[in-house]
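need a structure here:
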Amino acid sequence: MIYKNESQLLNIIKFTPPIFIITISIIITLFLYLETQNELEKEKVSIQNEYLEKNTELVKKDVENLYEFILKTQEKTEEKLKKSIKDRVLEANNIAYRIYNENKDTKTKDEIIKMIKDALVDVRFNDGRGYIFIYTFDYECILLPVNRKNEGLSVRDFQDSNGMYLGREIVNSLKEKDEAFLTWYYPKPNEPNSSYKKIGFNVHFKPYDWFIGTGEYFVDFEEMVKKEITEYLSNFKTHRNDYFFILDYNNKRLFQKINDSSDKSFRDLGSHHDITLFDYIVNSAKNNEKFITYDYKLDNVPLTKTSYIKDLPNWKWVIAKGFYHNYVDEIIKDKTQELNAKFKQKIMNILFLASILTIVLLIISIYISKILEKKFTNYKEEINIYMDKNSEQQHILSQQSKMAAMGEMLGNIAHQWRQPLSVITTVATGMKLQKEFNSLDDETFEKSINNITNSALYLSDTIEDFRNFFRTDKEETIFTIKDIFEKVFKLTDAQFRNHEIVFVNDINDFELFGFENEFIQALINILNNAKDALENKDNPKLIFISTSKKENKAIIKITDNAGGIEDEIIDKICEPYFTTKHQSKGTGIGLYMTEEIIVKHMKGSLIFKNVDVIYENKNYKGVEITIELPISQTI
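So this is what the prediction gives:
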C-alpha cells in the first residue's frame with residue numbers, strides 16, 4: 001500500500017529531474033536560435049538549388065535505369081516466348097509418353113489415343129491463350145482444343161498469310177531432328193484481315209508418328225511482357241513530389257505511379273488538356289528532347305513540373321519521371337515558418353525565465369532537501385505505527401482462531417466420548433442387575449470387565465489425540481500426508497458421522513516439512529467449513545479428498561457437493577470476519593487463519609473455485625479448494 005507521505009516523496013523524485021532538464025534545454029535552445037537566424041537566408045537558397053539539382057539527377061537516373069531494363073527485356077522477349085512454349089510442349093510430350101508406356105501392353109491404340117487427348121485437351125498456359133495440338137506426319141488432326149470439329153481432318157494444304165504450307169513445313173523440320181521451332185504469320189481470330197507473327201514449337205512423338213506442338217502470337221506475348229513491366233514499375237518507391245509515368249502513343253493511354261499506389265494498368269485520357277499535354281510530351285520524346293518543363297494540375301492545383309523522358313519507338317511508348325517545382329517553395333516556406341515560430345516568439349520569454357529559474361532552482365534545492373528529510377522521518381514513523389497495529393490485529397485474530405478451534409474440538413471430544421461412556425454405563429448397569437438376581441457368572445463378569453476396560457482405553461487414547469493437537473510447539477518437522485489425514489479424521493470423525501457425511505478419498509502418500517499442528521488446524525478449518533455447508537443438504541453429503549505431487553508442487557484438493565459459493569463473494573471468503581453463516585455458527589476467521597497458515601507459514605497457495613462434481617452418475621455443484629505447496633517445502 002502506498003501511503004500519503006510515500007506518494008508525495010515519489011512525486012518529488014519524479015518531477016525534480018525534469019525541471020533541471022527543461023532549464024538546460026531552454027538555454028541550449030537560445031544559443032541554437034542565434035545561430036539559426038544567421039543561417040536561415042543561406043539555407044533558403046541552398047535548399048532551392050539542392051532540391052532542383054538533386055531531383056533532376058534523380059529522375060534522369062531512374063528513367064535511364066528503367067529504359068535499360070526495358071531494352072534488355074525486349075531483347076529477351078522472343079527468347080522468353082520460345083522457352084515458355086518449348087517447356088509446355090515438352091511437358092505435354094512427357095505426359096503422352098508416360099500414358100503410352102503405362103498402357104501399351106494392356107490397352108488398344110484407340111484407347112491410348114483417347115487417354116492422351118483427354119489428358120492434354122484442357123492444358124492452358126500464357127494467361128489462357130496457349131494450348132497443345134497434335135497432328136500425324138500424314139497431316140491428320142488428332143487434337144485441336146480450340147476447334148474440336150477439325151479433329152480427323154487433313155492440314156496438308158493449310159497455308160499461312162504468306163502462302164507457306166504450315167503442316168508440310170512442320171513435318172520437314174522434324175525429319176532430321178526430333179524437335180524444332182517454326183515461325184509463320186496468321187490472322188488473329190477476331191481480326192480476320194490482319195497478319196501477325198506466330199512462333200511455334202513441335203516435337204516428334206515417335207510411337208504414333210505424331211508431332212505435338214503449340215504456337216503463340218508474338219504480339220500477345222509481348223503484351224504480357226509489357227504488363228509485367230508495368231507491374232514491376234508499380235512496385236517502385238515514389239514520393240509526394242515525383243512519380244513515374246508511361247505514355248502509349250499508339251492508343252493515347254497513360255500509365256502512372258503516384259504516391260506508392262497505381263492502377264497497375266493503362267487508362268484512357270479524358271480531358272482536352274490531358275490530350276494536348278500528351279501530344280506535346282510524345283513529340284518531344286520523338287525529337288530526342290530529354291528534360292521538358294510544363295504546367296500541370298494535380299487535384300485541381302496548378303503546378304510547374306519538370307520531367308525526364310525517353311522514347312521507345314518499337315513499343316510506341318514514352319517513359320518518364322517528373323518532379324514538381326512548387327514543393328521546393330513549400331519546403332522553404334515551412335522551414336522558415338518553423339524556425340521563426342519556434343524561436344522568435346519564445347526568445348524573450350526564454351531569456352526572462354532563464355534568469356528567474358536560476359534563482360528559483362537554488363531555493364528549490366534547499367527546500368527539497370528539508371522536505372525529503374521530514375518526509376522520510378514521517379514515513380518511518382507511519383510504518384512503525386502500521387506494523388504495531390498489524391501485529392496487534394494478527395495476535396487478536398490468532399487468539400480468536402484458537403478459541404474457535406478449541407470450541408470445535410470440545411464438541412468433537414463430547415461426540416467421541418458419548419459412545420464409550422454409554423458402553424461403560426450399560427455394562428455396569430447390566431452387571432448390577434445380574435448381581436441382584438444372582439445370575440452374574442464368572443464368564444459374563446470377565447467379558448463385562450473387558451468391555452469397560454477397552455472403553456476406558458479408548459477414552460484415554462482420545463484424550464491423548466486431542467492433547468497432541470493442542471500442543472503449542474512451533475518446531476517444523478517432517479510428516480506424511482497420510483498420517484496428517486488420519487489424525488484429522490480421528491479428531492473430527494464423530495462430528496462428520498453424526499452429520500452423515502461420506503468421505504471419498506484418493507490419498508497418495510508423500511512427505512511434507514512444516515508446522516504439523518498448524519497444518520492439521522488448516523485442514524480441519526476447511527473440512528468444518530464444508531461440513532457446515534453440507535449440514536442442511538439432502539443425501540448424499542460428500543467430501544472428496546485427493547493428494548498428488550506434480551513437477552515442483554505438492555497438490556491437495558478438497559471438494560464438496562454443497563452447491564458452491566456465489567461468484568460475487570468467492571474472492572472474499574478468506575477475509576477476516578467475513579462469514580455467510582449465522583452469527584451463532586460462524587466467526588469469519590477460520591478460512592482467514594487457514595490462508596495465513598498455508599500462504600505465509602508454509603509458502604503455498606490456496607485456491608477456491610466452483611466446480612461440477614459427478615458421483616455415481618449424478619451431477620452436483622460444489623466448491624473445490626486446492627492447496628499447492630512448493631517443492632522446497634516437501635521432502
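
flag every buried residue along the lengthiest strand in the chain.
Determined from DSSP state E, the single longest strand within the chain is strand 191-205. Buried residues in strand 191-205, counted by 16 or more other C-beta atoms under 10 Å: Lys198, Ile199, Gly200, Phe201, Asn202, Val203, His204, Phe205. Backbone N, C-alpha and C define where each C-beta goes, glycine included.

go through those residues and say which is closest to Glu616.
Closest approach between these and Glu616, by C-beta to C-beta: Phe205, at 77.9 Å.

report pLDDT for that closest one.
Listed pLDDT for Phe205 reads 94.

partners of the longest strand of the chain, with directions?
Using DSSP bridges, the strands paired with strand 191-205 are strand 179-188 (antiparallel), strand 210-217 (antiparallel).

of those strands, which approaches His272 most closely?
strand 179-188 (33.2 Å).

quick one: mean pLDDT for that closest one?
For strand 179-188, the mean per-residue pLDDT is 91.

and stretch 570-580, by the same measure?
Regarding stretch 570-580, the rounded mean pLDDT is 65.

tell me the most buried of the strands paired with strand 191-205?
Highest mean neighbour count among those (mean count of other C-beta atoms under 10 Å): strand 210-217, with a mean of 23.

give me the mean pLDDT for it.
Strand 210-217 shows a mean pLDDT of 93 in the predicted model.

just stretch 124-144 next, same as before
Here the average pLDDT along stretch 124-144 is 92.

which residues of the stretch 501-635 of the chain score low on pLDDT?
For the stretch 501-635 of the chain, the stretches flagged by pLDDT under 70 are 575-590, 631-635.

all strands for it, in order.
Per DSSP state E, counting those that start in this stretch, the stretch 501-635 of the chain carries strands over the ranges 501-507, 511-514, 541-550, 553-560, 605-615, 618-630.

same deal with the stretch 151-300 of the chain?
179-188, 191-205, 210-217, 242-248, 253-258, 261-262, 267-268, 291-298.

right, and the strands paired with strand 191-205 - which one's nearest Val155?
Comparing the strands paired with strand 191-205 by C-beta to C-beta, strand 210-217 comes nearest, at 11.0 Å.

need the residues that contact the closest one.
By C-beta atoms under 8 Å, 6 or more residues apart in numbering, the surrounding residues in contact with strand 210-217 are 81, 84-85, 88-89, 92-93, 96, 126, 129-137, 142, 170-171, 174, 184, 188, 196-205.

now Ser173: closest residue in space that isn't a chain neighbour?
Ala180 (3.9 Å; C-beta to C-beta, 6 or more residues apart in numbering).

do Val504 as well
Among residues not flanking Val504 along the chain, Phe544 sits closest, at 4.7 Å (C-beta to C-beta, 6+ apart).

what about the one you found, how many residues nearby?
Residues lying near Phe544 (other C-beta atoms under 10 Å) number 20.

which residues does it contact?
Residues in contact with Phe544 (C-beta under 8 Å, 6+ apart) are Phe503, Val504, Asn505, Asp506, Lys557, Ile558, Thr559, Asp560, Val613.

closest to Glu516 among those?
Nearest to Glu516 out of the contacts of Phe544 is Ile558 (C-beta to C-beta; 17.9 Å).

do you know how far that closest one is from Gly564?
From Ile558 over to Gly564 the distance is 14 Å, taken as C-beta to C-beta, to the nearest Å.

then Pro630?
28 Å.

please say which of these two ends up with more neighbours.
Legend: neighbour count by other C-beta under 10 Å for Pro630 and Gly564, higher for Gly564 (19 against 13).

which non-adjacent residue is nearest that one?
Using C-beta to C-beta, 6+ apart, the closest residue to Gly564 is Asn610 (4.0 Å).

distance check, the spatially closest residue to Asp560 that is not a sequence neighbour against Asp571.
Using C-beta to C-beta, 6+ apart and skipping the chain neighbours, the partner closest in space to Asp560 is Ala530 (4.2 Å). Note on Ala530: its distance to Asp571, by C-beta to C-beta, is 19 Å.

and those two? which has more neighbours close in?
Neighbour totals were compared for Ala530 and Asp571, and Ala530 leads with 24 against 10 (other C-beta under 10 Å).

show me where the stretch 201-350 of the chain has its helices.
Along the stretch 201-350 of the chain, counting by DSSP state H, counting those that start in this stretch, helices occupy 218-234, 272-286, 326-339, 347-436.

beta partners for the residue nearest to Ser173?
Counting by DSSP bridges, Ala180 is bridged to Asn202.

is it in contact with Phe201, as I believe?
Yes - between Ala180 and Phe201 there is a contact under C-beta atoms under 8 Å: 7.5 Å.
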